[in-house]
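# what's the 3D shape of this:
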Amino acid sequence: MKQVQKESATRRQFFSGVLRKASLTLLGAGGGAAVVKRRRLLREGKCLNQGICSGCEVFEECGLPRALSVKLAMKRSRDGG
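As a prediction, the model looks like this:
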């Protein structure tokens, strides 16, 4: 009887370990895919922040039309005209 309990406990540990490792692998792959997608969008010159320029981390270097328009509007407001 003890042999059966010990065997099922090790089987349970095996399956929980496999599931844990599989979930960590999927999580890592998802994070990697997100990073690759972000880099591809930056390389293609597409907006990362869904057109919300004020909170964007690459706003100063951005050359997209919407960002240029926002920069021009900010410059006009600072210059008073």
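# in this structure, which spans are helices?
2-44, 65-79 (DSSP state H).
# show me how far the longest one is from its chain's centre.
Here helix 2-44 is found 18 Å from its chain centre; the criterion is Cα atoms, centre = their mean, to the nearest Å.
# and for the last one?
Averaging C-alpha positions (Cα atoms, centre = their mean) puts helix 65-79 28 Å from its chain's average.
# what about that helix, average pLDDT?
Helix 65-79 shows a mean pLDDT of 84.
# got the buried residues for that helix?
Judged by neighbour count using 16 or more other Cβ atoms under 10 Å, the buried positions of helix 65-79 are 67, 70. From N, CA and C alone the C-beta is placed, and that goes for glycine too.
# distance of the spatially closest residue to Cys62 that is not a sequence neighbour relative to Ala73?
Once flanking residues are discounted, Cys62 sits nearest to Cys56: 6.8 Å by Cβ to Cβ, 6 or more residues apart in numbering. To Ala73, Cys56 is 15 Å away according to Cβ to Cβ, to the nearest Å.
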